[in-house]
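Novice: fold the following and give me the result.
(one chain, ligands or ions: 1)
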Amino acid sequence: KAAVLSSPSKKFKVTLPASLSAGQSYVPPGRSVALFRDDDGVYAVSLVCTHLGCTVRASALSQVKTEDVGGKKTRLTHEFLCPCHGSKYTGEGTNVSGPAPKPLTWFRLSVAPDDGQLVVDLADEVDHAFRFTL
Ligand code: FES
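Specialist: Alright, predicted model coming up:
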């Protein structure tokens, strides 16, 4: 019989470092997603460049910027740079220069019912106003 298999690896638990401060990124080992904390909560941004799929790097800004992201004033302390063809994204993932055709993807965060750990779901895209409050 035909079965629709969901890949279990698309959903995984992460433990945020207690020391993670606003603007610092945490990349779970072996994953192409960065988690950030800001005043409103936690969010997860894909590190897969929307051009040809290279892994972008979060790079700290020398000065914190405040931008309107999905209607919320958001402090941005980093930007994303792609090493392959130079695409650049703002700290919330909007493509601003280079060949990248669209913003980086954001993924839903939730809490595991069994142990209360933070869960990232790579199969569930959310908009750039999403914040998860721990
Ligand atoms: Fe990132 Fe081409 S893959 S700019």
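Novice: so what's residue 21 closest to, chain neighbours aside?
Specialist: residue 37 (7.1 Å; CB to CB, 6 or more residues apart in numbering). The C-beta positions use only the backbone N, C-alpha and C, and glycine is treated the same way.
Novice: go on, residue 27?
Specialist: residue 34 (5.2 Å).
Novice: so that neighbour sits in a strand?
Specialist: Yes - assessed by DSSP: H, G, I helix; E, B strand; the rest coil, residue 34 belongs to a strand.
Novice: which stretches in this structure count as strands?
Specialist: 11-14, 25-26, 33-38, 41-46, 57-69, 72-81, 88-89, 95-97, 106-111, 118-126 (DSSP state E).
Novice: would you turn these into CSV with mean pLDDT and mean neighbour count?
Specialist: Shown next, in CSV, are the strands of the chain (pLDDT from 0 to 100; neighbours: other CB atoms under 10 Å):
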stretch, mean pLDDT, mean neighbour count
strand 11-14, 94, 16
strand 25-26, 89, 19
strand 33-38, 90, 22
strand 41-46, 93, 21
strand 57-69, 87, 13
strand 72-81, 86, 18
strand 88-89, 98, 20
strand 95-97, 97, 14
strand 106-111, 96, 18
strand 118-126, 96, 16
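Novice: please produce TSV containing these, extended by distance to the ligand.
Specialist: As requested, the strands of the chain are exported to TSV (distance: least, CB to the nearest ligand atom, whole Å):
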stretch	distance to the ligand
strand 11-14	24
strand 25-26	18
strand 33-38	15
strand 41-46	12
strand 57-69	11
strand 72-81	9
strand 88-89	9
strand 95-97	9
strand 106-111	18
strand 118-126	19
